[in-house]
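Visitor: please work out how this folds:
(chains A and B)
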Amino acid sequence: MVGGLFIIITSQNYLKKVVGLAIFQTAVFVFFVSLAKVLDGTAPILTKMENAYSNPLPHVLILTAIVVGVATSALGLALVLQIYRNYETIEEKEIQSLELKSDK
Amino acid sequence: MFDIFLDDAAALVVVLPLLISAIIAFMPSKIWPWIISLVTLVLHLVLSLHLLKEISISGLIIYEFGNWEPPWGISFKIDGVNIGLQLLFSIFVLISTFYSRKIFLSEIDSRDSGKAYSLWLLAIGSLNGIILTNDIFNLFVFLEISALASISLIALGAGQNRKALLAAFNYLIIGAIGATFYVIGVGFAYAMTGTLNMNDLVIQLAQYSDGQLAIFAGMSFMLIGLMVKAAIFPVHIWLPPAYSYAPSAVSTLLAALATKTILYFFVRLLYEVFIIYPSYLSLFLDFVLYPLSLLAIFIGTLIAIYQDDIKKLLAFSSIAQIGYITLAFSLKDHSGITSGFIHIFNHALIKGGLFMAVGYFAILYKDRVTLSSLRGFGYKYPITSFALLICGLSLIGLPLTNGFISKLYLFQALYTNQMYFSIALVAVSSALAVAYFWKIVEQMWFYEIKFKSEKEDAYIYLPIWIITVSIIFFGIYSSPIIEFSNLSADYLISGYQN
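Guide: Residues are numbered from 1 along each chain as shown, chains lettered A, B, ... in the order given. Purely as a prediction, here's the structure:
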């Protein structure tokens, strides 16, 4: 989780930022799934035997969150592509210096 | 025949825009997407009015999706807190959609108009979901749909200025971090309580009345995540570039409604759920939200004075105005919450009107509107300029405009809480608002350049004037807004006492 956040903050490359975001989000998904674990639990399938089973709800929530995460990454990558087409670079520093030049 | 639809009005106000948005996405036509959106939003308004009627009878609607009873199923809740906001939302999106057509035509490629309106409706539907939802995970989904739709809309501004791409990308990264923080908080809350329904959450949390570290951690994550999304100082940095480089119609929608709906949910979370930990809540309000609001008001206004680009100036003034709203909400009593809601309503109208007027100038000037480019516009385009003047005076808080009502109630709330320092600061920052608005007025009217007045487009100045007239109307006859805000505060406070 912290690793992903670290990448987002420190890296100068927009592509790496999107990847960092994906790592950050995945870490949170794993956190959710780990919440669902019940000791000695099995898959939540209704059988004749009465078992302890893991809580399925967090998995379902994360299924939704994964879809949201995919959409976020896709939009992020599309924006990076457009930025590259417009600026011919995706390095934050180079873009900033380009913008400073165009402002003058 | 329509009765079947009216029964599901609570769901339809969200589902209808989302559904239509999928239909119009690939329409090649220039005008049909706009007409269909407009019809959809008229229906949306009808449904909202129906909800208002139902609320005035029953006082509370809980809509269960798929008839799954809460706390298992997802539910929408409409009560006194959000019905006023729902109505404002419905009316404003209709006006801004009417306004948006000519603006979109001149700012984006006309072949993209179907896609633009598809995203537009997507943003509207999901923002409306934020207003109505009663499920904390469902909120995250709506939050992300609205964020992604608005990011795409902001990126449409790239045809005008390529900086829009950078603004959209920064919003995406910062917004996604905020949303993920919120989800971490939801995870903690779910781990401790096993529920996602807000009403059930309150009941379940009561068993940990002494407080648990995991719950406090979860609450903090949720609040920080929402603060990022609502652009509360100092996590507002995505907002000014995003608003100023977006196409003008999009800035109007986002500035007026996007942050407001999230602020509304922020308050509901604070006063409906987290209120069962009074010590934590007052710690957060007194030592986090209150000082940050004061800083936001002061710094937002100061930065706005030094802006040359008008849209950026308005965006920084939005930061300050969000500061006023959170300042009011940090007061934890009835008068504070009421004045916060009053300012949510009034600021949505004021900023909407201002961004509409400036957006029209932008397409007339065919470039970014800076201070010097406005020179003589007061004579050149008198109709729109006069509307801009009234909206601006309302932003400052002059009597006879609704901004005055906001300031009046805010001062009253601060006075009853004996926060004289904040009163002084709010007064000073209102005076500073005069400074930045005066710069605009000076450029528009006080230069002796003879301009003939040119013909203005009725399709554009009509919606601007509807907003402007409503600003004056609610400045003189302010009881509807005050009643709705009072109702919201009543509902939130009654939860507080239980």
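Visitor: how about low-confidence regions in the stretch 1-150 of chain B?
Guide: B:1-2 (pLDDT under 70).
Visitor: around chain A, pick out the residues from it.
Guide: Within the stretch 1-150 of chain B, the positions lying close to chain A (CB under 8 Å from any CB of the partner chain) are B:137, B:140, B:141, B:144, B:145, B:148. Any C-beta I mention is one placed from the backbone N, CA and C, and that applies to glycine too.
Visitor: quick one: distance of stretch B:42-62 to the chain centre.
Guide: 21 Å (CA atoms, centre = their mean, to the nearest Å).
Visitor: same question for stretch B:303-320.
Guide: 17 Å.
Visitor: pull the CA atoms of it into CSV?
Guide: Output of stretch B:303-320 as CSV, limited to C-alpha atoms (Å, rounded to 0.1, in the frame of the first residue of the first chain):
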residue,chain,number,x,y,z
ILE,B,303,-4.5,33.8,-4.2
ALA,B,304,-7.7,34.8,-6.2
ILE,B,305,-6.6,38.4,-6.0
TYR,B,306,-3.4,37.7,-7.8
GLN,B,307,-4.9,35.7,-10.6
ASP,B,308,-4.9,37.1,-14.1
ASP,B,309,-7.0,34.3,-15.7
ILE,B,310,-10.6,34.8,-14.8
LYS,B,311,-11.6,31.1,-14.7
LYS,B,312,-8.7,30.5,-12.3
LEU,B,313,-9.7,33.4,-10.2
LEU,B,314,-13.2,32.0,-9.9
ALA,B,315,-11.8,28.5,-9.1
PHE,B,316,-9.6,29.9,-6.2
SER,B,317,-12.6,31.8,-5.0
SER,B,318,-14.4,28.5,-4.9
ILE,B,319,-11.8,27.2,-2.5
ALA,B,320,-12.6,30.1,-0.2
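Visitor: one step back: show me which of the residues of the stretch 1-150 of chain B next to chain A is closest to chain A.
Guide: Nearest to chain A among those: residue B:144, at 4.5 Å, using CB to the nearest CB.
Visitor: that closest one against residue A:73, yeah?
Guide: No: between residue B:144 and residue A:73 there is no contact under CB atoms under 8 Å: 11.9 Å.
Visitor: give me the more crowded residue out of those two.
Guide: residue B:144 (25 against 17; other CB atoms under 10 Å in any protein chain shown).
Visitor: my guess is that one is in a helix, correct?
Guide: Yes: under DSSP: H, G, I helix; E, B strand; the rest coil, residue B:144 sits within a helix.
Visitor: tell me which element the residue nearest the centre of chain A is part of?
Guide: Closest to where the C-alpha atoms of chain A average out (CA atoms, centre = their mean) is residue A:22, at 2.5 Å. Take DSSP states H and E as the rule and residue A:22 turns out to sit in helix A:14-36.
Visitor: residues contacting the helix or strand harbouring residue B:384, please?
Guide: For residue B:384, the element it lies in under DSSP H and E is helix B:382-396. By CB atoms under 8 Å, 6 or more residues apart in numbering or on different chains, the residues outside helix B:382-396 that reach it are B:317, B:321, B:346, B:350-351, B:353-354, B:357-358, B:360-361, B:377-378, B:401-404, B:430, B:433-434, B:437, B:440-441, B:444-445, B:453, B:456, B:460-461, B:464-465, B:467-468, B:471-472, B:475.
Visitor: mind doing that once more with 6 Å?
Guide: Helix B:382-396 is contacted from outside by B:350, B:353-354, B:357, B:360, B:377-378, B:401-403, B:433-434, B:437, B:444, B:453, B:456, B:461, B:464-465, B:468, B:471, using CB atoms under 6 Å, 6 or more residues apart in numbering or on different chains.
Visitor: among the residues you listed, name the ones in helices.
Guide: B:350, B:353-354, B:357, B:360, B:377-378, B:402-403, B:433-434, B:437, B:444, B:461, B:464-465, B:468, B:471 (DSSP state H).
Visitor: test my guess that the residue nearest to the centre of chain A contacts residue A:71.
Guide: No: applying CB atoms under 6 Å, one finds residue A:22 not in contact with residue A:71, separated by 11.7 Å.
Visitor: just to revisit the earlier point, in the helix holding residue A:22, which residues are buried?
Guide: A:14-22, A:24-29, A:31-33, A:35-36 (16 or more other CB atoms under 10 Å in any protein chain shown).
Visitor: same deal with stretch B:101-108?
Guide: Neighbour-count burial for stretch B:101-108 [16+ other CB under 10 Å]: B:101, B:102, B:103, B:104, B:106, B:107, B:108.
Visitor: and what of stretch B:10-26?
Guide: Residues of stretch B:10-26 classed as buried by neighbour count (16+ other CB under 10 Å): B:10, B:11, B:12, B:13, B:14, B:16, B:17, B:18, B:20, B:21, B:24, B:25.
Visitor: distance to residue A:42 for those residues - can I get that in TSV?
Guide: Formatted as TSV, these follow (distance: CB to CB, whole Å):
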residue	distance to residue A:42
B:10	39
B:11	36
B:12	41
B:13	42
B:14	37
B:16	42
B:17	42
B:18	37
B:20	44
B:21	42
B:24	47
B:25	43
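Visitor: circling back: buried ones among the contacts of helix B:382-396?
Guide: Buried subset of those (neighbour count, 16+ other CB under 10 Å): B:350, B:353-354, B:357, B:360, B:377-378, B:401-403, B:433-434, B:437, B:444, B:456, B:461, B:464-465, B:468, B:471.
Visitor: circling back to that earlier point, near chain B at all, the helix holding residue A:22?
Guide: Yes: using CB under 6 Å from any CB of the partner chain, helix A:14-36 reaches chain B at A:17, A:21, A:25, A:28, A:31, A:32, A:35.
Visitor: just checking, next helix/strand downstream of that helix?
Guide: Stepping forward along the backbone from helix A:14-36, the first helix or strand reached (DSSP H and E) is helix A:57-87.
Visitor: so what touches the next helix or strand after that following helix?
Guide: The helix or strand immediately downstream of helix A:57-87 is helix A:92-103, counting by DSSP H and E. With contact meaning CB under 6 Å, 6+ apart, helix A:92-103 is reached by A:12, A:87.
Visitor: and helix A:92-103, how far out from the chain middle?
Guide: Centroid separation for helix A:92-103 versus its chain: 28 Å, with CA atoms, centre = their mean.
Visitor: now do it and helix A:57-87, the angle between them.
Guide: Orientation note: helix A:92-103 sits at an angle of 50 degrees relative to helix A:57-87 (axes from the mean of the first three to the mean of the last three CA atoms, to 10 degrees).
Visitor: rewinding a little: for the residue nearest to the centre of chain A, report the pLDDT, please.
Guide: pLDDT, residue A:22: 90.
Visitor: cool, and residue B:210?
Guide: For residue B:210, pLDDT reads 67.
Visitor: tell me the helices and strands packed up against the helix or strand containing residue B:415.
Guide: Using DSSP H and E, residue B:415 falls within helix B:402-416. Applying 3 or more CB pairs under 6 Å, 6 or more residues apart in numbering or on different chains; DSSP states H and E, one finds that helix B:402-416 contacts helix B:334-365, helix B:382-396, helix B:458-476.
Visitor: up against chain A, what does the stretch 151-300 of chain B have?
Guide: Within the stretch 151-300 of chain B, the positions near chain A by CB under 6 Å from any CB are B:162, B:165, B:168, B:169, B:172, B:173, B:176, B:180, B:183, B:184, B:187, B:191.
Visitor: and of those, the nearest to residue B:368?
Guide: residue B:162 (12.5 Å; CB to CB).
Visitor: give me the neighbour count for that closest one.
Guide: 19.
Visitor: likewise for residue B:91?
Guide: Around residue B:91 there are 19 residues (other CB under 10 Å).
Visitor: now residue B:51
Guide: 24.
Visitor: how far away is the nearest residue to residue B:343 once chain neighbours are set aside from chain A?
Guide: Spatial nearest neighbour of residue B:343, excluding adjacent residues (CB to CB, 6 or more residues apart in numbering or on different chains): residue B:406 at 4.4 Å. Applying CB to the nearest CB, to the nearest Å, the value for residue B:406 to chain A is 35 Å.
Visitor: which strands and helices sit next to the helix or strand harbouring residue B:150?
Guide: Using DSSP H and E, residue B:150 maps to helix B:136-155. Where contact means 3+ CB pairs under 6 Å, 6+ apart, helix B:136-155 is packed against helix A:57-87, helix B:113-132, helix B:163-193.
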